[in-house]
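In: Predicted model and sequence below, questions to follow.
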There are 2 protein chains.
Amino acid sequence: MRQVRFTEDTIDALSIDCLIFGFRNSELDVLLIKHAEGIIKGRWALPGGWIQYNESVDNAASRLLTSLTGVSNIYLEQLRVFGEVNRYPGKRVITITYFALINADNYSLNPGFTASDAKWVNIHDVPRLPYDHNKILQYGFKHLRHKVSHEPIGFNLLPKKFTLHQIQKLYEAIMETELDKPNFRRKLLNMNLLVPCDEKQRDVSHRAANLYRFDKKIYKDLMESGFTFEL
Amino acid sequence: MRQVRFTEDTIDALSIDCLIFGFRNSELDVLLIKHAEGIIKGRWALPGGWIQYNESVDNAASRLLTSLTGVSNIYLEQLRVFGEVNRYPGKRVITITYFALINADNYSLNPGFTASDAKWVNIHDVPRLPYDHNKILQYGFKHLRHKVSHEPIGFNLLPKKFTLHQIQKLYEAIMETELDKPNFRRKLLNMNLLVPCDEKQRDVSHRAANLYRFDKKIYKDLMESGFTFEL
DNA sequence: TTTACAAATAGTCAATCTGACCATAATTTA
DNA sequence: TAAATTATGGTCAGATTGACTATTTGTAAA
């Protein structure tokens, strides 16, 4: 009943699970892996695993995500601890969950040692997952909706350069509403957070839109002078 | 080097610490206890301890807070996990921190078994604490400042019935700014979150102000129709 | 080469909200 | 009764919002 790979050097009462959101074709996806070993071998679940004694919890999360999916160098933020007594079968395991938003197209998925497969799944097509992973997903989605309208984190889901249309579609997908185009543009542009790229969209069969990028430094400066993002 | 009281039935790699904010005399306080046992016996620190195998993490937090300080029946929210490798001396301990806002005057402090004392300390007078507790406090204060301006949680720090002046002082203490009185009043009242109590302040040596209360149900209803709290 | 289309971008306007003020009302104590 | 203190009420210009309409720019079909 103990872990196979890290028996000697992991904390067995504590695990990590990662909830990674991606955005493709105007739809919101979640990153799942198929476990290659352990008690849920062969089942799809959130990427996760065990913390080693010689690594910080944050590092454990990055290491696990990379080794399971090939996704590396992203900002993982703590989401929440799930610590119900019977959430894990057979022994007491408390899990620390992490959360990230990435542009799915920028990362290729390479399932590692302990995963036999990894894929993006539309948020509305996620199957029944083991343990309390569906609960984690639900909590994380709620968190995403709240956070995305108070902080400019949505840009992480888009390519470096994006059109105003793309970001609007993103918000519509997350908030599950429709937004007025001219008003959305105006509000977003008036924040002065976006920098026009002097470059236009390509290969579209209509008037090409201007590309913009989000500038972290500008945001930081605005923050310091009391600005708060609201959409 | 193991825990004394719960050696047999606690998860020794995992602890809990509680960051409790209180508000008294227009100043923001933090709840500290003096440990009566363990490796930091005699020192002031955040209330905390070990998780038992047969209780959820959230329950452990409530139990520990109550047994150490006498404060019970409050809403504890998860703050963050602190999991650096060397944050605890001698062994690997990851801590889950909890966060709450209460009206200090409503709770009397009764240090329990494993605490020899408990007291409120002004946020600006907190001494050097053991482990990474100062870091936790700093993180939690930042969290408080952010959260208090996006969600109507500040009311938890006040008595059930309060004046507009009191809540303004509260916000000024947390945000460390001065606010324009008429504008603050207008903005808050226009949200329709507060219910006038048909009752006035007593024993003040000037014109008595009207008392208001915060109504959770109204807030919930407003939320459902798309309202977001911003101050 | 014109025309239909699709989407980007620009502008209008009334209603509301905000920030910086000034003014008045109600109490209490000197 | 006056002075002091705090509550409460208003004004006003400027900015922001939500609901629209209009125009521009480009592609693709006729």
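Out: That came through, no problem.
In: Pretty sure residue A:142 sits in a helix.
Out: Yes: counting by DSSP: H, G, I helix; E, B strand; the rest coil, residue A:142 is part of a helix.
In: What segments of chain A are helices?
Out: A:57-69, A:133-148, A:164-175, A:181-190, A:216-224 (DSSP state H).
In: what's the most buried one of the ones you listed?
Out: helix A:57-69 (a mean of 21; mean count of other CB atoms under 10 Å in any protein chain shown). Using the backbone N, CA and C atoms, a C-beta is placed for each residue, glycine as well.
In: Can you dump the C-alpha atoms of it in CSV for me?
Out: Extracted C-alpha coordinates of helix A:57-69, given in CSV (Å, rounded to 0.1, in the frame of the first residue of the first chain):
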residue,chain,number,x,y,z
VAL,A,57,6.4,22.0,-1.3
ASP,A,58,6.4,24.5,-4.1
ASN,A,59,9.3,22.8,-5.7
ALA,A,60,7.6,19.4,-5.3
ALA,A,61,4.6,20.7,-7.3
SER,A,62,6.8,22.0,-10.2
ARG,A,63,8.8,18.8,-10.2
LEU,A,64,5.8,16.5,-10.3
LEU,A,65,4.0,18.5,-13.0
THR,A,66,7.1,18.5,-15.2
SER,A,67,7.9,14.8,-14.7
LEU,A,68,4.3,13.8,-15.4
THR,A,69,3.4,16.0,-18.3
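In: Could you list every helix and strand in contact with it?
Out: Identification of packing neighbours for helix A:57-69 by 3 or more CB pairs under 8 Å, 6 or more residues apart in numbering or on different chains; DSSP states H and E yields strand A:10-24, strand A:27-35, strand A:48-52, strand A:94-102, strand A:115-122.
In: which residues touch the shortest one?
Out: Residues from elsewhere that reach strand A:48-52, judged by CB atoms under 8 Å, 6 or more residues apart in numbering or on different chains: A:3, A:6, A:9-12, A:14-18, A:57, A:60, A:64, A:67-68, A:95, A:114, B:83, B:94.
In: Quick one: mean pLDDT for it?
Out: Strand A:48-52 carries an average pLDDT of 94.
In: Please name the strands paired to that strand in the sheet, noting orientation.
Out: Looking at strand A:48-52 with DSSP bridges, its partner strands are strand A:10-24 (antiparallel).
In: got the buried residues for the strand it pairs with?
Out: Of the residues in strand A:10-24, A:10-23 count as buried by neighbour count, 16 or more other CB atoms under 10 Å in any protein chain shown.
In: Not counting its neighbours along the chain, what's nearest residue A:104?
Out: In space, and not counting its chain neighbours, residue A:104 is closest to residue A:22: 3.2 Å by CB to CB, 6 or more residues apart in numbering or on different chains.
In: nearest to residue A:133, of the helices and strands packed on helix A:57-69?
Out: For these, the distance to residue A:133 is smallest for strand A:10-24, at 6.8 Å, taking CB to CB.
In: May I have that closest one exported as CSV, CA atoms only?
Out: Presented in CSV, the C-alpha positions along strand A:10-24 are these (Å, rounded to 0.1, in the frame of the first residue of the first chain):
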residue,chain,number,x,y,z
THR,A,10,8.7,11.0,0.7
ILE,A,11,6.2,12.2,3.3
ASP,A,12,3.5,9.6,3.0
ALA,A,13,0.7,11.6,4.7
LEU,A,14,1.0,14.4,2.2
SER,A,15,0.5,14.6,-1.5
ILE,A,16,0.3,17.3,-4.2
ASP,A,17,-2.2,17.7,-7.0
CYS,A,18,-2.0,20.2,-9.8
LEU,A,19,-4.9,21.9,-11.5
ILE,A,20,-3.7,23.3,-14.8
PHE,A,21,-6.1,25.4,-17.0
GLY,A,22,-5.4,25.9,-20.7
PHE,A,23,-7.2,27.7,-23.4
ARG,A,24,-7.6,26.5,-27.0
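In: Enumerate every residue touching residue A:162.
Out: So residue A:162 contacts A:155, A:211, A:212, A:213 (CB under 8 Å, 6+ apart).
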